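output the structure for:
(chains A and B)
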Amino acid sequence: EAQVTQNPRYLITVTGKKLTVTCSQNMNHEYMSWYRQDPGLGLRQIYYSMNVEVTDKGDVPEGYKVSRKEKRNFPLILESPSPNQTSLYFCASSLSMSGSGEQFFGPGTRLTVL
Amino acid sequence: QKEVEQNSGPLSVPEGAIASLNCTYSDRVSQSFFWYRQYSGKSPELIMSIYSNGDKEDGRFTAQLNKASQYVSLLIRDSQPSDSATYLCAVNKNTGNQFYFGTGTSLTVIP
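Numbering: from 1, shown residues only, chains lettered A, B, ... in the order given. As a prediction, this is how the structure comes out:
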């Protein structure tokens, strides 16, 4: 089944404790992206990647890191999480390198930082 | 100024009616436009994409794009209760390969 998977789905952590949210797609997509969704603010792009080893900042990259060492994986790293990073996070992928085509979203990761 | 703006609603329509959802965007270099549907607690899923001025129809859905007015809309004909969801407008600026989403319009179709 073609899909984007994220782990964990739910995470409660404390301020300053490094964490990684994994994202994997099995569709051989070039473009991958991370978003956060907050009430009243909608979906905001954190980082995106057009190909292996090619990543770039989205609209709200502060406090996040990403890497794209393999085509299928695009982990999101929070080196020192803070309460304002409490949010619902979505990973997405698209066949088109520019991302101009359809994006397929993962199921989401609900993160709470205490 | 926000890149993409939508009326947050809620928008309520009776079953069988036409639901009209609207979106404006601020940057004229925007090239690709998308409508996503998001059910409560679920991830967004694509309904329509549109890249050139005019109308694009797919089943009960019609997307309309007017680049001169920087306006994109989604019409849902013969609305069904299963259409009740939040509809997200998204814009891609090819110059930066970034996506911008509106905050979404909540639609309720009343049986």
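
for residue A:19, see how far away the residue lying closest to residue A:112 once chain neighbours are set aside is.
Once flanking residues are discounted, residue A:112 sits nearest to residue A:12: 4.6 Å by Cβ to Cβ, 6 or more residues apart in numbering or on different chains. C-beta here means a position set from N, CA and C on the backbone, and glycine is covered the same way. Distance, residue A:12 to residue A:19, by Cβ to Cβ, to the nearest Å: 10 Å.

can you list residues touching both of the two?
Common neighbours of residue A:12 and residue A:19, using Cβ atoms under 8 Å, 6 or more residues apart in numbering or on different chains, are residue A:111.

show me which of those two is the more surrounded one.
For residue A:12 versus residue A:19, neighbours defined as other Cβ atoms under 10 Å in any protein chain shown are more numerous around residue A:19 (16 against 11).

which SS class is residue A:84?
helix (DSSP: H, G, I helix; E, B strand; the rest coil).

count of neighbours near residue 85?
Unless you meant another one, I'm taking chain A. Count around residue A:85 with other Cβ under 10 Å applied: 20.

sorry, I should have been clearer: chain B.
A total of 21 residues lie near residue B:85 under the criterion other Cβ under 10 Å.

tell me the bridge partners for it.
Residue B:85 has these beta-bridge partners by DSSP bridges: residue B:107.

try residue A:56
residue A:48.

now do the contacts for it.
A:47, A:48, A:49, A:50, B:96, B:97.

dump those to JSON lines, plus distance to residue A:83.
Below are these laid out as JSON lines (distance: Cβ to Cβ, whole Å):
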{"residue": "A:47", "distance to residue A:83": "21"}
{"residue": "A:48", "distance to residue A:83": "25"}
{"residue": "A:49", "distance to residue A:83": "27"}
{"residue": "A:50", "distance to residue A:83": "32"}
{"residue": "B:96", "distance to residue A:83": "30"}
{"residue": "B:97", "distance to residue A:83": "31"}
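
which one in these is the model shakiest on?
Across the contacts of residue A:56, the bottom pLDDT score, 58, is held by residue B:96.

please see if the helix or strand hosting residue B:48 touches chain A.
Counting by DSSP states H and E, the element that carries residue B:48 is strand B:45-50. Yes. Applying Cβ under 8 Å from any Cβ of the partner chain, one finds strand B:45-50 in contact with chain A at B:45, B:46, B:49.

let me know the closest of those residues to residue B:33.
Distance to residue B:33 across those (Cβ to Cβ) is lowest for residue B:49, with 7.0 Å.

tell me what the closest one is bridged to.
residue B:34.

likewise residue B:76?
The partner residues for residue B:76, given DSSP bridges, come to residue B:19, residue B:61.

my guess is it meets residue B:59, correct?
No. With contacts counted by Cβ atoms under 8 Å, residue B:76 stays clear of residue B:59, the gap being 9.7 Å.

residues of chain B that sit close to chain A?
B:31-32, B:34, B:42-46, B:49, B:51, B:88, B:90, B:92, B:94, B:96-104.
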